[in-house]
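Participant: Next input, structure requested:
(one chain, ligands or ions: 2)
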Amino acid sequence: MPATVVVGGFFGDEGKGKIISYLALKDKPAIAVRGGVGPNAGHTFVLNGEVHKVRMLPSALLSKETRLLIGAGVLINPEVLLNEIEQYNAHDRVFIDSQCGIIESRHIEMDNSDDLKGRIGTTGSGTGPANADRARRTLHLAREMNEFTLYLDDVSNSINFALDRNENVLVEGTQGTFLSLYHGTYPYVTSKDVTASSICADVGLGPKRVDEVLLVFKAYVTRVGVGSLENEISKEEAKKRGWFEVATVTRRERRAAPFNFELAKKAISLNSATHLAITKLDVMFPECAHVHVYDKLSDNAKHFIEQVEKNTGLQVALIGTGEDVYDTIDMR
Ligand code: IMP
Ligand code: MG
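Facilitator: Ligands and ions are numbered 1, 2, ... in the order given. You can find the predicted model right below:
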């Protein structure tokens with residue numbers, strides 16, 4: 001901190017939600033601000049056995065003193081957002097940019113068509129068609145919606161002024177680097193760029209104001225939907241290794257592959273990452289479950305972390321060793 005951007009290094013589902021909620025509870029930033037595409041994201045985190053899933057609000061919401069903002073580049077599904085605000089009783093600390101785009105039911109219908117959900121394997125949440133309307137300059141914005149009057153804000157001003165006051169700002173990315181419309185595995189990608197530069201643009205933060213870019217990798221690679229996945233293993237093999245997962249938003253099965261050093265290096269340069277987080281180390285090395293100190297990791301696990309650091313030249317600053325937010329080794 002002060003301005004930290006958190007982004008995903010593979011195809012989404014790297015465990016950004018857990019890492020962000022850990023950072024939020026630990027560092028208590030004045031502001032957490034959501035960039036990224038919209039409710040196609042599903043961020044899951046677990047605290048004391050309680051499972052939280054958010055699609056619109058920042059994953060920092062467990063830090064009660066943190067204001068929760070949504071940047072102008074993010075698409076809003078009004079029903080999903082209002083439900084999450086209600087669920088977390090966050091009425092007085094949620095602010096959305098007046099220029100956030102609004103997803104309508106016709107966008108969701110279009111996104112569930114054979115052309116999008118069928119051909120591309122989209123999440124069906126309406127984000128692609130809504131961004132297409134935004135490019136056509138026909139999309140409705142949050143400022144036109146009566147139910148949002150109380151929440152409207154100039155998010156870019158709020159975060160820039162907070163940084164002027166030397167307050168900490170946590171910028172939350174969604175999806176993952178190789179789902180980027182520009183740098184990903186086109187056409188099997190999401191409807192926007194999702195690298196750190198775009199996440200900053202989404203919230204209205206210029207490139208010189210960012211101090212840290214934390215790139216999150218899972219200890220293995222997963223991807224939902226269609227598109228290339230190098231060294232993909234079979235579902236049976238994934239189940240045997242404990243790598244088999246089901247998606248948060250769509251309940252679809254995730255495909256799996258081993259950690260990919262080439263992709264990791266490319267992601268580091270696309271995002272100008274300053275340090276790394278590795279999640280689910282306990283899935284690769286079960287003996288490491290719930291370990292909170294680096295020295296207590298097994299030799300195999302340490303060797304893997306050292307390989308990542310040696311190959312990338314960056315420090316692994318955070319390691320996830322279990323599903324609880326506090327199952328985290330913090331080496332910052
Ligand atoms: P869309 O973003 O719904 O248009 O879907 C485009 C592609 O991105 C599909 O392969 C989705 O499965 C994938 N995708 C979008 N959001 C996420 C996410 O949050 N996690 C993982 N995959 C995602
Ligand atoms: Mg997810």
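Participant: just checking, what packs against the helix or strand of the chain with the lowest mean pLDDT?
Facilitator: Least confident helix or strand, the chain: strand 245-246 with a mean of 91, by mean pLDDT, DSSP states H and E. Applying 3 or more CB pairs under 8 Å, 6 or more residues apart in numbering; DSSP states H and E, we find strand 245-246 packed against strand 253-258. For every residue, glycine as well, the C-beta is placed using N, CA and C.
Participant: Which elements pack onto the strand it packs on?
Facilitator: With contacts defined as 3+ CB pairs under 8 Å, 6+ apart, strand 253-258 has these neighbours: strand 220-223, helix 235-241, strand 245-246.
Participant: Just put these in a markdown table and tack on mean neighbour count and distance to V194.
Facilitator: Listed next are the helices and strands packed on strand 253-258 as a markdown table, based on neighbours: other CB atoms under 10 Å; distance: least, CB to CB, whole Å:
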| stretch | mean neighbour count | distance to V194 |
| --- | --- | --- |
| strand 220-223 | 24 | 14 |
| helix 235-241 | 13 | 25 |
| strand 245-246 | 14 | 20 |
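Participant: Pick out the shakiest of those, pLDDT-wise.
Facilitator: Set side by side, the helices and strands packed on strand 253-258 give their lowest mean pLDDT on strand 245-246, at a mean of 91.
Participant: Need the phi and psi values for E144.
Facilitator: Note on E144: backbone dihedrals following degrees, to the nearest 10 are phi -90, psi 0.
Participant: swap in I70?
Facilitator: The phi/psi pair for I70 (degrees, to the nearest 10) is phi -130, psi 120.
Participant: can you count the residues close to R134?
Facilitator: 18 (other CB atoms under 10 Å).
Participant: again with Q307
Facilitator: Neighbours of Q307 under the rule other CB under 10 Å: 12.
Participant: ok, the residue of the stretch 101-250 of the chain at minimum distance from ligand 1 - contacts?
Facilitator: The minimum distance from the stretch 101-250 of the chain to ligand 1, using CB to the nearest ligand atom, falls at G225 (2.9 Å). Applying CB atoms under 8 Å, 6 or more residues apart in numbering to G225 gives the contacts 120-122, 188, 252.
Participant: so what's the residue in the stretch 151-300 of the chain that ligand 2 sits nearest to closest to, chain neighbours aside?
Facilitator: Here the stretch 151-300 of the chain gets closest to ligand 2 at one residue, T248, 4.6 Å apart by CB to the ion. Using CB to CB, 6 or more residues apart in numbering and skipping residues adjacent in sequence, the residue nearest T248 is G42, 2.9 Å away.
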